[in-house]
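**Q** need a structure here:
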Amino acid sequence: MKKQSAFTLIELLVVIAVIAVLMAILMPALNRAREQGKRAACLSNLKQMMLGWSMYAEDNDEMIVMASTNQQHETTWGGTQSKPYKCWVYYRNPDAYSIEERLEGIRAGGLFKYLKNERLFKCPTGIRGELVTYAIPDVLNGHRIPDISDRNLIVLKRTKITRPSERLIFLDEGELSPSSWTIWYSEPRWWDKPSSRHGVGTNYAFADYHVEYYKWRDPRTMDIAHMTRSEYVPQKSTLSHQPDNADLRWIQRRVFGKIGY
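**A** Got it, this is the predicted structure:
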């Protein structure tokens, strides 16, 4: 009878070791490919959000949707118009509202009429329970900015935006907050923390409809980005003041159109 060949224990261990080495080599590449796919999907979401934002303005005499997510911040238009501003989405505290109630906050917002898909409001990197991860800066018809007295900086109409390729409309903030996204104008200081949703940076959408990924360059940016919302309190954190931070200046210029200090 012919004797059947089989792996010896040593040969089996060698095969397992080779597979382990190959996995160690391939996993980082697979993770990068997976992240690039999520980043691309997020950029696509932002592109469609920009189209919805623009269509809202076209339907409302160039008045832009409110950047805030808090209904208490809604005001009425000036002049002879009486139609109220509408928040782009309505914040629903995840600790107090069910998923369906929070989805209703998306559907009731000013942009859902043009998008009709709740999934567009969340980046693929969003964690379980998050429904909206994008945000609009205060300066775009949002909550009152702490250090701005010049009302000319506030944008209420799309036609007021100059150099649209340089003006930021949406950013991938991460966890939605009960207001618009805030950053200081008159000093080199963060207010709302920067996001690190995609490695060491995040995605942005601009008024000319282009979208891009910006990679943080200053380690101090990441010091805040990696903190949780409960860990980072902007009014108390000494980390928020970051002179000569190129990341901070980059985003301030794209939020306000210029540096205020």
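
**Q** and residue 115, what is it in contact with?
**A** In this structure, residue 115 makes contact with 48, 49, 52, 121, judged by CB atoms under 8 Å, 6 or more residues apart in numbering. Placement of C-beta: from N, CA and C, glycine included.

**Q** Assumed the first one was part of a helix.
**A** In this case it means residue 48. Yes: checked against DSSP: H, G, I helix; E, B strand; the rest coil, residue 48 lies within a helix.

**Q** and the contacts of residue 115, which are buried?
**A** Burial by neighbour count, 16 or more other CB atoms under 10 Å: within the contacts of residue 115 this picks out 48, 49, 52, 121.

**Q** Out of the contacts of residue 115, which is nearest to residue 13?
**A** For the contacts of residue 115, the residue nearest residue 13 by CB to CB is residue 121; the value is 50.4 Å.

**Q** The closest one reaches residue 91, doesn't it?
**A** No: using CB atoms under 8 Å, residue 121 is not in contact with residue 91, being 12.0 Å away.

**Q** Centre-most residue in this protein?
**A** Note on the chain: the residue nearest the mean C-alpha position is residue 172, at 1.3 Å, using CA atoms, centre = their mean.

**Q** For residue 170, identify the helix or strand it belongs to.
**A** Per DSSP states H and E: residue 170 is located in strand 168-172.

**Q** ok, now residue 93?
**A** Following DSSP H and E, there is no helix or strand that holds residue 93.

**Q** sorry, back to before: the residue nearest to the centre of the chain is in contact with residue 194, isn't it?
**A** No: taking CB under 8 Å as the definition, residue 172 is not a contact partner of residue 194, at 10.5 Å.
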